[in-house]
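> this one's sequence-less:
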């Protein structure tokens with residue numbers, strides 16, 4: 001529905017960032033215009049709720065991807081971002097490690113599956129052992145990556 005260019009821009013922004021203050025700023029409107037429009041126009045109120053739901057769904061998709069697929073983060077070694085030569089292109093690129101957000105994953109599971117929340121509460125004592133195993137495995141991976149970086153740095157110094 002056409003609500004005017006500024007309100008349409010606001011609705012488009014809400015679909016991308018479901019935050020009224022940020023969307024109003026992006027659309028260059030005062031957020032009080034949005035609130036007034038919600039009160040005065042049932043059609044706008046419905047359009048706003050649909051746009052907001054789309055924005056929240058998009059954020060949820062990002063959260064699930066971040067929790068399950070992770071993201072690449074540059075590896076810092078001795079205070080510097082580690083670099084390596086890409087074997088395919090020969091270009092020097094950042095060394096990255098894939099990071100996962102386990103707390104985000106747990107949050108998503110607890111919200112979407114109430115039965116998981118109950119199991120988590122019951123098994124909190126067991127979880128500490130799993131966390132320690134994961135921590136030790138992570139430390140081992142870091143030690144292995146450090147050894148690889150040391151070897152690569154030594155090879156580069158030898159020329």
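Perfect, thanks for sending it. A quick note: this is a predicted structure, and the numbers were derived from the prediction, not measured.
> you'd agree residue 96 is up against residue 75?
Yes. Between residue 96 and residue 75 a contact is recorded at 6.3 Å, counting by CB atoms under 8 Å. C-betas here are computed from N, CA, C, even on glycine.
> quick check, central residue of the protein?
residue 66 (4.6 Å; CA atoms, centre = their mean).
> chain neighbours aside, what residue packs nearest to that residue?
Ranked by CB to CB, 6 or more residues apart in numbering and with sequence neighbours excluded, the top spatial neighbour of residue 66 is residue 101, at 5.7 Å.
> now do the contacts for that neighbour.
66-67, 70 (CB atoms under 8 Å, 6 or more residues apart in numbering).
> buried ones in stretch 21-36?
Across stretch 21-36, burial judged by 16 or more other CB atoms under 10 Å covers 23-24, 26-27, 29, 34.
> which of those sit farthest apart?
26 and 34 (12.1 Å; CB to CB).
> shared neighbours of these two, anything?
Counting by CB under 8 Å, 6+ apart, the shared contacts of residue 26 and residue 34 are residue 10.
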